[in-house]
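Asks: Turn this into a model:
(one chain, ligands or ions: 1)
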Amino acid sequence: MKKITSRTIVCFFLALVLVAGTGIFTIKFFMEGDSWSAFSANRHLYTNNVLNTGRILDEKGQVLADYDSSENKWKYSSNAYIRKATLHAVGDSTGMIGTGAMTRFADKLTGYNVITGAKPIFPGGRDLYLTLNADVCQAAYKALNGHKGTVGVYNYKTGEIICMISSPTYDPASPPTIEDGDENYEGVYINRLLSATFIPGSTFKLITATAALESIEGVESRTFHCDGKVTIGDQVITCSTAHGDLTLDQALASSCNGVFGQLAAEVGSSQLDKYVKKAGLTDSLSVNGINTAKSSFDFNFGGEGGLAWSGIGQGKDLVNPCALMVYSGAIANGGTAAKPQIISHTAFTEGVRTSLYLRHSTKELINPETAAKLASMMRNNVTSNYGQRNFPGLSIGAKSGTAQSDNSDSDNAWFTGFLQDNDHPYAFVVLVEGGGSGSKVAGKVANTVLQAAVKAN
Ligand SMILES: [Zn+2]
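Replies: The predicted model follows:
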């Protein structure tokens, strides 16, 4: 009897494992079946016309890549600048570019569905329309002028990413042989906008300013003083020049390290920690399923002096450019912004739409009242310091950054901000590695790209 009972228990247990396993498989089948079917190693699906693959196009219908099933290979845009500028969005046939549509959205190009699988209900491939504007991407690529870096522009009301550039890049129509350790191609397969983090430099003062505005009473009516040098903890924080007497607005416009180092020390590490989390920087964003890199910080490193460095965007701060762009969008948009998207829609090759991608909003990244204050401070940065003449016709608010980097002899130039323009509600981020001065170098790239973006739409 005892033997039978123990056998029953074993059988029951095995049955339970079987049911649980089937359950897990079924769930995974529905959730991941699309990527299983599109897995690039399933070559038999791609050849012999089993699987039809549509085209990858930009928002205006300009063809970026078209699968030629007779030759069994992808054909790209005839414009070499566009091929290089859109490489990290479009992808490459070997799947080395992890964020490329060819690999990431292969299921959407084939019209996969859970009922009939890889052989779609309606025959033929699907055209995948990206939100990108290829001409704006081309302008951004040219404006980077051979520098490594990234440019992102997106509509903070709809979420459409209009421009996504990552450099170094290469021509997918004739891929180069890349030797290990070749500096010209360092990180070439990485999408710097979505998948990397960098020292933010003074662009981080936006977060320190947010924390100061909300946690230090009367901070807006204070007058600060800068002698060009201040000792905080065991660290000497310097400015390029003695800024003299300053209000908070003026300190942000002239990017005074002394004032923002002191504000960070006054606000404290736990408050800064709270504000980077609230700003969404430490979260990963899902851009149509592509997860962005999380920003990271250590505000407890190096005592009060270390905290001061963190508050001015050095120290252990590492920020994802896309997250910074979305934060700029939230400042312009009253505290929340649309989540960035790279897919516009899919359609039959005859043009009939087969899907819609709806707008989703972020959580509140910044208190609406603080957002309004910061937006006007960023607008003041342009009118009082960067120069409106450098951004003709654009109602732009921005913050520059010049970040010291371990990887480069010269500084990394940053520029992030937004347009206050109902027809063109764009937020942007520009990073020019080894570019030098933030507002001069990255600001110039931003102007070129934004002029192209406004003209395009
Ligand atoms: Zn100063």
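Asks: L252 - nearest residue in space that isn't next to it in sequence?
Replies: Of all residues not flanking L252 in the chain, M377 sits nearest, at 5.2 Å (Cβ to Cβ, 6 or more residues apart in numbering). Any C-beta I mention is one placed from the backbone N, CA and C, and that applies to glycine too.
Asks: Tell me how many other residues surround that neighbour.
Replies: By other Cβ atoms under 10 Å, 22 other residues sit near M377.
Asks: now the strands for the stretch 301-450 of the chain?
Replies: Along the stretch 301-450 of the chain, the segments classed as strands by DSSP state E, counting those that start in this stretch run 343-348, 396-403, 412-419, 426-432.
Asks: Could you report the separation of the residue of the stretch 351-457 of the chain found nearest the ion from A332?
Replies: In the stretch 351-457 of the chain, no residue comes nearer to the ion than N385, which is 12.9 Å away by Cβ to the ion. Distance, N385 to A332, by Cβ to Cβ, to the nearest Å: 19 Å.
Asks: Quick check: end-to-end length of stretch 245-257?
Replies: Its first and final residues considered, stretch 245-257 spans 13 Å by Cα to Cα, to the nearest Å.
Asks: isn't the residue of the stretch 351-457 of the chain closest to the ion right next to A251, touching?
Replies: No. With contact defined as Cβ atoms under 8 Å, N385 does not reach A251; the gap is 11.2 Å.
Asks: Of those two, which one has the most company?
Replies: A251 (24 against 15).
Asks: Find the nearest non-adjacent residue to that one, please.
Replies: Residue nearest to A251 in three dimensions, not counting chain neighbours: V259, with 4.0 Å by Cβ to Cβ, 6+ apart.
Asks: The one you found and the ion: what is the separation?
Replies: V259 sits 6 Å away from the ion, going by Cβ to the ion, to the nearest Å.
Asks: now that residue, what's its secondary structure?
Replies: Using DSSP: H, G, I helix; E, B strand; the rest coil, the structure places V259 in helix.
Asks: For T103, see how far away it is.
Replies: With distances taken as Cβ to Cβ, V259 is found 47 Å from T103.
Asks: quick one: S202 is in a helix?
Replies: Yes. According to three-state DSSP, S202 belongs to a helix.
Asks: The least confident helix or strand in the chain by mean pLDDT: what's the following helix or strand?
Replies: Ranked by mean pLDDT, DSSP states H and E, the weakest helix or strand in the chain is helix 43-46, scoring a mean of 52. Of the helices and strands lying after helix 43-46 in sequence (DSSP states H and E), the nearest is strand 55-57.
Asks: Which neighbouring elements make contact with that next one?
Replies: If contacts are counted by 3 or more Cβ pairs under 8 Å, 6 or more residues apart in numbering; DSSP states H and E, strand 55-57 sits against strand 63-68, strand 126-130.
Asks: so which of the ones you listed comes closest to S174?
Replies: strand 63-68 (14.4 Å; Cβ to Cβ).
Asks: rewinding a little: show me the residues around the residue of the stretch 351-457 of the chain closest to the ion that make contact.
Replies: Contacts for N385 (Cβ atoms under 8 Å, 6 or more residues apart in numbering) come out as A253, S254, S439.
Asks: Narrow those to those in helices?
Replies: Counting by DSSP state H, the contacts of N385 place A253 in helices.
Asks: Would you mind measuring from the spatially most central residue of the chain to A337?
Replies: Central residue of the chain (Cα atoms, centre = their mean): C322, 2.1 Å from the mean position. Distance of C322 to A337, computed by Cβ to Cβ: 12 Å.
Asks: mind checking how far the closest residue to L365 other than its chain neighbours is from V454?
Replies: With sequence-adjacent residues excluded and distances taken as Cβ to Cβ, 6+ apart, L365 is closest to A330, at 4.0 Å. Per Cβ to Cβ, A330 is found 21 Å from V454.
Asks: the more surrounded of those two?
Replies: Comparing A330 with V454 by neighbour count (other Cβ under 10 Å), the higher total belongs to A330, at 27 against 16.
Asks: can you list the residues of the stretch 251-400 of the chain near the ion?
Replies: C256, G258 (Cβ under 5 Å from the ion).
Asks: Try it again at 6 Å.
Replies: By Cβ under 6 Å from the ion, the residues of the stretch 251-400 of the chain that approach the ion are C256, N257, G258.
Asks: who wins for most neighbours among these?
Replies: Comparing those by number of neighbours (other Cβ under 10 Å), C256 comes first, having 30 neighbours.
Asks: wait, what's in contact with it?
Replies: Going by Cβ under 8 Å, 6+ apart, C256 touches F224, C226, C239, H243, L246, Q250.
Asks: Turn these into CSV, columns for distance to the ion, pLDDT and neighbour count.
Replies: Below are the contacts of C256 laid out as CSV (distance: Cβ to the ion, whole Å; pLDDT from 0 to 100; neighbours: other Cβ atoms under 10 Å):
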residue, distance to the ion, pLDDT, neighbour count
F224, 9, 97, 19
C226, 3, 97, 22
C239, 3, 95, 20
H243, 4, 97, 21
L246, 7, 96, 19
Q250, 10, 98, 21
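Asks: of all the strands of the stretch 301-450 of the chain, which has the lowest average per-residue confidence?
Replies: Lowest mean pLDDT of the strands of the stretch 301-450 of the chain: strand 343-348, a mean of 92.
Asks: outside of it, which residues touch it?
Replies: With Cβ under 8 Å, 6+ apart as the contact definition, strand 343-348 has outside contacts at 54, 59, 105, 108, 111, 122, 124, 126-131, 160, 288, 353-357.
Asks: go on, stretch 446-457?
Replies: Contacts to stretch 446-457, defined as Cβ under 8 Å, 6+ apart, come from residues 60, 133, 135-136, 139-140, 142-143, 151, 153, 162-163, 390-394, 396, 398, 415, 417, 419, 421, 423-424, 426, 428, 430.
Asks: Cross the residues you listed against helices and list the overlap.
Replies: Checking the contacts of stretch 446-457 against DSSP H, those in helices are D135, V136, A139, A140, K142, A143.
Asks: which one of those is nearest the ion?
Replies: Ranked by distance to the ion (Cβ to the ion), those are led by A143 at 30.0 Å.
Asks: you'd agree that closest one is up against V153?
Replies: No. With contact defined as Cβ under 8 Å, A143 does not reach V153; the gap is 11.7 Å.
Asks: Of those two, which one has the most company?
Replies: V153 (28 against 20).
Asks: For the more buried one, which non-adjacent residue is spatially closest?
Replies: Leaving out its chain neighbours, the residue that sits closest to V153 by Cβ to Cβ, 6+ apart is C163, at 4.0 Å.
Asks: now do F415
Replies: Excluding the flanking residues, the one nearest F415 by Cβ to Cβ, 6+ apart is A442, at 3.7 Å.
Asks: List the contacts of that neighbour.
Replies: Residues near A442 by Cβ under 8 Å, 6+ apart: S400, G401, A413, W414, F415, V430, L431, V432, G435.
Asks: Quick check: of those, which has the highest neighbour count?
Replies: Neighbour counts for these, by other Cβ under 10 Å, peak at V430, which reaches 36 neighbours.
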